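Asks: Sequence plus predicted model, see below.
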Amino acid sequence: MEIDDVNSITVLGAGSMGHGIAEVAALAGYAVNLRDIKEEFVQKGYDQIEWSLGKLAEKERISESDADAALERVTTYVDLAESVADADVVIEAVPEKMEIKKDVYTELEAAAPDRTVFATNTSSLSVTELAEVTDRPEQFCGMHFFNPPVRMQLVEVISGAETADETMDLIADLAEEMGKTPVRVHKDSPGFIVNRILVPQMNEAAWIVESGDATVAEVDSTTKYGIGLPMGTFELADQVGIDVGYHVLDYMQEVLGDAYEPCPLLEEKVEAEELGKKTGKGFYDYE
Ligand code: CAA
């Protein structure tokens with residue numbers, strides 16, 4: 001498939017990444033099917049797209065009419081088979097658990113047309129292992145967006161062991177059509193490139209606080225004003241989801257070793273369901 005053959009994109013999962021990816025695809029002019037397992041989840045994702053488009057228009061990053069047109073291109077679904085019946089590309093952004101994703105790919109393989117290319121937004125899991133669940137590992141790669149997708153420039157395009165060059169080209173072209181800058185990642189290793197650097201940095205920040213060497217506010221001041229990141233490390237953890245960082249670390253520890261052992265402070269936050277902005281409380285409180 002060539003980039004000009006792509007008209008319809010299905011995004012599986014309407015959570016913090018899924019809704020943002022659907023928004024980016026709709027802004028690029030694609031017909032977007034957004035699917036989640038419950039009506040309330042998919043409606044929440046749709047509402048977040050509406051909010052975000054409104055914000056972009058308010059800040060004059062896009063026009064009101066572009067915002068309205070993008071929203072009109074998004075259709076919501078709960079039924080997976082219906083949502084992928086005419087999909088050229090499926091971008092999967094369901095929870096970051098290997099078993100959940102494998103179950104989704106089993107269902108997806110049975111429902112999607114043969115031509116459909118599958119791209120996973122996984123932030124760390126093995127693209128090769130996920131692709132093995134399907135009958136089309138050559139038509140399968142990683143397409144990893146960053147939070148919030150509508151504002152972040154980078155997309156990692158990750159090759160699994162059997163990904164065809166045409167699939168890498170198509171998904172890199174698709175990222176460019178969406179106004180993003182793709183970086184091709186040829187080795188499918190845990191965390192790829194960005195999270196291999198970013199998540200241990202979050203973990204180290206948590207260890208500093210856990211050991212009583214500095215406070216959350218002190219660490220954030222240094223990473224923001226000293227190291228020059230756009231947000232403090234804990235502010236970013238709240239934005240991304242503390243559970244996301246925790247699961248990435250857990251997986252990296254399993255595959256790469258104990259250097260990536262998650263700090264107990266992160267585990268406590270996950271157990272208390274204080275996951276950041278999405279739950280109203282993380283390292284900071286949100287209204
Ligand atoms: N859509 C539209 N508007 C949004 C938004 C969204 N999704 N998210 C936030 N905004 C709004 C805010 O509400 C705020 O509006 P108000 O001023 O009205 O309150 C406004 O955007 C802030 O935007 P600004 O341009 O004024 O602020 P900024 O220059 O600080 O940019 C930012 C915001 C782009 C998020 C910036 O802080 C940033 O780059 N942060 C770092 C994000 C980052 O590193 N993400 C990657 C995380 S790693 C990851 O995602 C991978 C993984 O697998 C874990």
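Replies: It's in.
Asks: Show the model's pLDDT score for whatever residue of the stretch 51-200 of the chain ends up closest to the ligand.
Replies: Closest residue of the stretch 51-200 of the chain to the ligand, CB to the nearest ligand atom: Ser123 (2.9 Å). Where you see a C-beta, it was placed from the backbone N, CA and C, and this is true even at glycine. Note on Ser123: pLDDT of 94.
Asks: Would you confirm that it contacts Phe145?
Replies: No: between Ser123 and Phe145 there is no contact under CB atoms under 8 Å: 9.3 Å.
Asks: of the two, who's got more company?
Replies: Counted by other CB atoms under 10 Å, Ser123 and Phe145 do not tie: Ser123 has more neighbours, with 28 against 23.
Asks: Can you give me every residue that contacts the more buried one?
Replies: For Ser123, the contact set (CB atoms under 8 Å, 6 or more residues apart in numbering) comprises Glu96, His144, Gly191, Phe192, Asn195, Val244, Val248.
Asks: Check Leu174 too.
Replies: Applying CB under 8 Å, 6+ apart, we find Leu174 in contact with Ile3, Val6, Val89, Met143.
Asks: Any of those residues buried? List them.
Replies: For those, a burial check counting by 16 or more other CB atoms under 10 Å picks out Val6, Val89, Met143.
Asks: what about the first one, distance to the ligand?
Replies: When distances are taken as CB to the nearest ligand atom, to the nearest Å, Val6 and the ligand turn out to be 24 Å apart.
Asks: State the pLDDT value of that residue.
Replies: For Val6, the predicted pLDDT is 98.
Asks: Same check on Glu268?
Replies: Per-residue pLDDT puts Glu268 at 98.
Asks: Same check on Glu96?
Replies: Here, the pLDDT recorded for Glu96 equals 89.
Asks: repeat for the one 5 residues further on
Replies: At Lys101 the predicted local confidence, pLDDT, stands at 98.
Asks: again with Cys263
Replies: On pLDDT, Cys263 comes in at 98.
Asks: Settle this for me: it is touching Ala206, isn't it.
Replies: Yes: judged on CB under 8 Å, Cys263 makes contact with Ala206 at a distance of 3.7 Å.
Asks: Which one's more surrounded, these two?
Replies: Neighbour tally, Cys263 and Ala206, criterion other CB under 10 Å: the higher count belongs to Ala206, 28 against 21.
Asks: roughly how far is the helix or strand that one falls within from the heart of the chain?
Replies: Here Ala206, judged by DSSP states H and E, is contained in helix 194-210. From the chain centre to the centre of helix 194-210 is a distance of 19 Å (CA atoms, centre = their mean, to the nearest Å).
Asks: So for it, what gets flagged as buried?
Replies: Buried residues in helix 194-210, counted by 16+ other CB under 10 Å: 194-196, 198-203, 205-209.
Asks: Can you confirm whether that helix lies near the ligand?
Replies: Yes: legend: contact between helix 194-210 and the ligand by CB under 6 Å from any ligand atom is shown at Asn195, Leu198.
Asks: elements contacting that helix?
Replies: On a contact count with 3 or more CB pairs under 8 Å, 6 or more residues apart in numbering; DSSP states H and E, helix 194-210 meets helix 216-221, helix 233-240, helix 242-256, helix 264-271.
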